[in-house]
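Undergrad: Sharing a model that was predicted from the sequence below.
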Amino acid sequence: MSFLEIKALTKRFSETTAVDDFSLSVERGEFVSLLGPSGCGKTTTLQMIAGFEQPTSGSIILHGRNLANIPARKRGLGIVFQTYALFPHMTVEQNVAFGLEMRGIPDSERRQKVATALDLVKLSHLAKRLPRAMSGGQRQRVALARALVIEPELLLLDEPLSNLDAKLREDMQLELRRIQQEAGVTTLMVTHDQSEAMALSDRIAVMQSGRLMQLGTPFDTYETPKSTFISNFLGKTNCLNARLVSTSNGISNLVINGVEVTGPSVNLLPGDVMVSLRPERIDIVEPSEGHTEAKVLERIFLGDQWLFRLETKLGELLVVRRNRGRREAEPGENVFIVWQPEHLQILPAIREITS
């Protein structure tokens, strides 16, 4: 049995189903993110694990313990909220020590544990400081230390980096992953930020309308999405309506807006499909036979990259091109593009679940 086993978890509020038959297994020491848009049920799932919400049905088993009838305060979980929820009148070390005091830990042992936790998050030098005199990133690390000092079996993170600015959020992703790995604590994080989930997680559980849609490593989930929803939600992509003509000898023959293209073999019947092609998989090249001509409609500079919006016979395409420090095509110019057939993701043309 896995360290954390969630089986057929369901939560209904009157006529609304917030979480629908959700099952997930998490191994000890693993970092798993619940990723999805607002209202998909990820926070409700976390709240049921924490004990703040009672499931309508299903079970949550942590290290062999059924959490069903255990109140939140006795589950022994570490929790970091979106707002950090620090006590403003307490110093850093007092905030971190609070959970230990509630558990009746003796003073000498408490001081040692607090010192170890602050050292882990690299805040020992700010032990006497009040939260209001600290940056957002520092307050976030205090909240982490407070959650980790009780040595929880499971760490729950609810949008922990959402209140930070973009640069600080990126820095804290590295810090959060370091802290989690050094502590060795099993971690479940809720986020709607795709890049955050991919940067931090061992595996990502993508949710939509209360359901688990796909579970896998960041690489597998990004490269082989199971639906157009997942393809669109995990980064930028070009989604095009297509018709699958045939599949044989490891090759699929398709028609996109009257243009014949090839892709990888798929287990789908001929007919209407969706094709997903990531912008970074498209190359702008010198003109030659077989390449697709395109007109630059828009060009955006992103520092390390250029983002192009192109008009082609297949339809409009986004293309991401690494900044090579030289001139790039401007709006109105014609270019030629190419991609590898195996980079096309051929997906069922089904009606997506709306959240």
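TA: It's in. Numbering: from 1, shown residues only.

Undergrad: show me where the stretch 51-200 of the chain has strands.
TA: Here the stretch 51-200 of the chain has its strands, by DSSP state E, counting those that start in this stretch, at 57-62, 65-66, 78-80, 154-158, 186-191.

Undergrad: I'd like to know which of those is closest to residue 337.
TA: strand 186-191 (33.1 Å; C-beta to C-beta). Yep, even glycine has a C-beta here, placed from its N, CA and C like the rest.

Undergrad: average pLDDT for the closest one?
TA: What strand 186-191 shows for mean pLDDT is 96.

Undergrad: Paired strands for that strand, with orientation please.
TA: strand 31-35 (parallel), strand 154-158 (parallel) (DSSP bridges).

Undergrad: Now render these as JSON lines, adding distance to residue 192, mean pLDDT and mean neighbour count.
TA: Shown next, in JSON lines, are those (distance: least, C-beta to C-beta, whole Å; pLDDT from 0 to 100; neighbours: other C-beta atoms under 10 Å):
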{"stretch": "strand 31-35", "distance to residue 192": "7", "mean pLDDT": "97", "mean neighbour count": "25"}
{"stretch": "strand 154-158", "distance to residue 192": "11", "mean pLDDT": "96", "mean neighbour count": "22"}
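
Undergrad: Now distance to residue 72 too, for the ones you listed, in TSV please.
TA: As requested, the strands paired with strand 186-191 are exported to TSV (distance: least, C-beta to C-beta, whole Å):
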stretch	distance to residue 72
strand 31-35	18
strand 154-158	11
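
Undergrad: which one of those strands lies closest to residue 200?
TA: strand 31-35 (6.0 Å).

Undergrad: now for the helix or strand following the closest one, which elements pack on it?
TA: Where DSSP states H and E defines the elements, the next helix or strand beyond strand 31-35 is helix 42-50. Helices and strands touching helix 42-50, by 3 or more C-beta pairs under 8 Å, 6 or more residues apart in numbering; DSSP states H and E, are strand 4-13, strand 16-26, strand 31-35, strand 154-158, strand 186-191.

Undergrad: what's in contact with the fourth one?
TA: By C-beta atoms under 8 Å, 6 or more residues apart in numbering, the surrounding residues in contact with strand 154-158 are 4, 43, 46, 49-50, 62, 77-82, 147-148, 176, 180, 183, 185-190.

Undergrad: again, 6 Å this time
TA: Contact with strand 154-158 is made by 46, 50, 77-82, 185-190, as judged by C-beta atoms under 6 Å, 6 or more residues apart in numbering.

Undergrad: farthest pair in those?
TA: Counting by C-beta to C-beta, the most remote pair of the contacts of strand 154-158 is 82 and 186, 20.4 Å apart.

Undergrad: Look at these two and report which has more neighbours.
TA: residue 186 (23 against 15; other C-beta atoms under 10 Å).

Undergrad: gap between that one and residue 221?
TA: 20 Å (C-beta to C-beta, to the nearest Å).
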